[in-house]
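Colleague: 3D, please:
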Amino acid sequence: MKNLSRIFSVIIPLFIFLGCAAGRTGVPATGFNLNDPATRGDVAEVKRLLAYGAYVNAKDGNGFTALMTASVNGHKEVVELLLAKGADVNYHFYSDPVKPYYTSALSLAAENGHRDVVELLLAKGANEDFSAMMVACRNGHRDIVELLRAKGPTVNTKVMNGTNVSMAYFLQEASERDQKDIVELLLATGADVDAKDHFGGTALIAASSRGRKDIVELLLARGADVNAKACVTSSMVVNGVLPKPYCHTALILAAQYGHKEIVELLITAGADVNAKTDGDGSRTALRVASQYGHKEIMDLLRRAGAKE
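Modeller: Got it, this is the predicted structure:
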């Protein structure tokens, strides 16, 4: 037992020494868990672990760094400390194959409404502001949208065919999520009501597909193109032939999903009731409504001149 005690009395201080040495030499010491105290906002514990050589950019099992953990929880003092110790402000990963944005400290702070942390990260060079803007629009954080619109380094610069593609995505995200206040803000600060994404999609098409009546009314009042068409092209070759693009309009999607009030609004605004979905058997809004059993919408469309 005495020998065992002697061994431990040597080994434990040695481990502590090696941990401190790692911090002094720049070799990452990954055995310390910074994420737990960062989650709690425990500044003293984060300082203690960093002093023992904890690696400031270590990741947990989900790929999160302590900076990301502190940011998502709005712990500004911990964020400041980690940044001062060399935390990577722009580390990010692609978390959702469906949505065109990344998870980063900035996007996590924006998503959860922590404006002071967002401002701090921007001041320290955070540049993944497209993702941050998307989640801020989605969750209705007006103050953060205003901040990113004014100070974000890239949100106003992604242009295709003369259109701000980023703004198209922001408008669509806010429209889909029924964030009328955000849609109004974006339009008031210069967003094009007909801004198109890479597939030609617009905010009106997005709002119509989700049945967002207030948003549809707002967009139409601002002059949105009621007959804009979005097209998705498949890359799958069938019998040696690349299929034609599948296209749809706001009216076709509203009819498909059974949004009667939206269909009425769009017809009143001049929607082409006989527009066809190219590449998909040339279906019209009437045919789509019939396919999905929306009889009242079928009657509306027929009264407006829709043909079988």
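
Colleague: just the helices in the stretch 1-150 of the chain please.
Modeller: Remark: helices assigned in the stretch 1-150 of the chain by DSSP state H, counting those that start in this stretch are 2-25, 35-40, 43-51, 66-72, 76-84, 105-111, 115-123, 129-139, 142-151.

Colleague: Out of the ones you listed, which gets nearest to Ser282?
Modeller: Among these, the nearest to Ser282 by Cβ to Cβ is helix 129-139 (33.8 Å). Backbone N, C-alpha and C define where each C-beta goes, glycine included.

Colleague: Centre of the chain to the closest one, how far?
Modeller: Offset of helix 129-139 from its chain centre (Cα atoms, centre = their mean, to the nearest Å): 5 Å.

Colleague: Name the residues of the helix or strand where Leu186 lies that are buried.
Modeller: Using DSSP states H and E, Leu186 sits in helix 180-188. For helix 180-188, a neighbour-count test (16 or more other Cβ atoms under 10 Å) marks Lys180, Ile182, Val183, Leu185, Leu186, Leu187 as buried.

Colleague: swap in stretch 38-52?
Modeller: Under 16+ other Cβ under 10 Å, the buried positions of stretch 38-52 are Ala38, Thr39, Gly41, Val43, Glu45, Val46, Leu49, Leu50.

Colleague: before we move on, back to that, can you check which of the helices of the stretch 1-150 of the chain gets nearest to Ala254?
Modeller: Proximity to Ala254 (Cβ to Cβ) singles out helix 129-139 among those, at 21.4 Å.

Colleague: immediately after the helix holding Leu186, which helix or strand?
Modeller: helix 203-210.

Colleague: And that following helix, what does it pack against?
Modeller: helix 165-176, helix 213-221, helix 250-256 (3 or more Cβ pairs under 8 Å, 6 or more residues apart in numbering; DSSP states H and E).

Colleague: Just say which of the ones you listed is most tucked in.
Modeller: helix 250-256 (a mean of 30; mean count of other Cβ atoms under 10 Å).

Colleague: pLDDT below threshold where in the protein?
Modeller: Flagging of the chain using pLDDT under 70 yields the residue ranges 1-31, 95-101, 153-164, 233-245, 279-281.

Colleague: now the strands for the stretch 201-308 of the chain?
Modeller: Along the stretch 201-308 of the chain, counting by DSSP state E, counting those that start in this stretch, strands occupy 229-232, 246-249.

Colleague: one step back: out of the helices of the stretch 1-150 of the chain, flag the one nearest Gly211.
Modeller: Nearest of the helices of the stretch 1-150 of the chain (Cβ to Cβ): helix 129-139, 17.1 Å.

Colleague: Between helix 165-176 and that closest one, find me the angle.
Modeller: 20 degrees (axes from the mean of the first three to the mean of the last three Cα atoms, to 10 degrees).

Colleague: Tell me which residues are up against helix 129-139.
Modeller: Residues outside helix 129-139 that contact it (Cβ atoms under 8 Å, 6 or more residues apart in numbering): 92, 99-104, 106-107, 109-113, 118, 122, 126, 144-145, 148-149, 152-155, 158, 166, 169-171, 173-174, 177, 179, 182, 186.

Colleague: how close does Glu173 get to Gly200?
Modeller: Going from Glu173 to Gly200 by Cβ to Cβ, to the nearest Å gives 17 Å.
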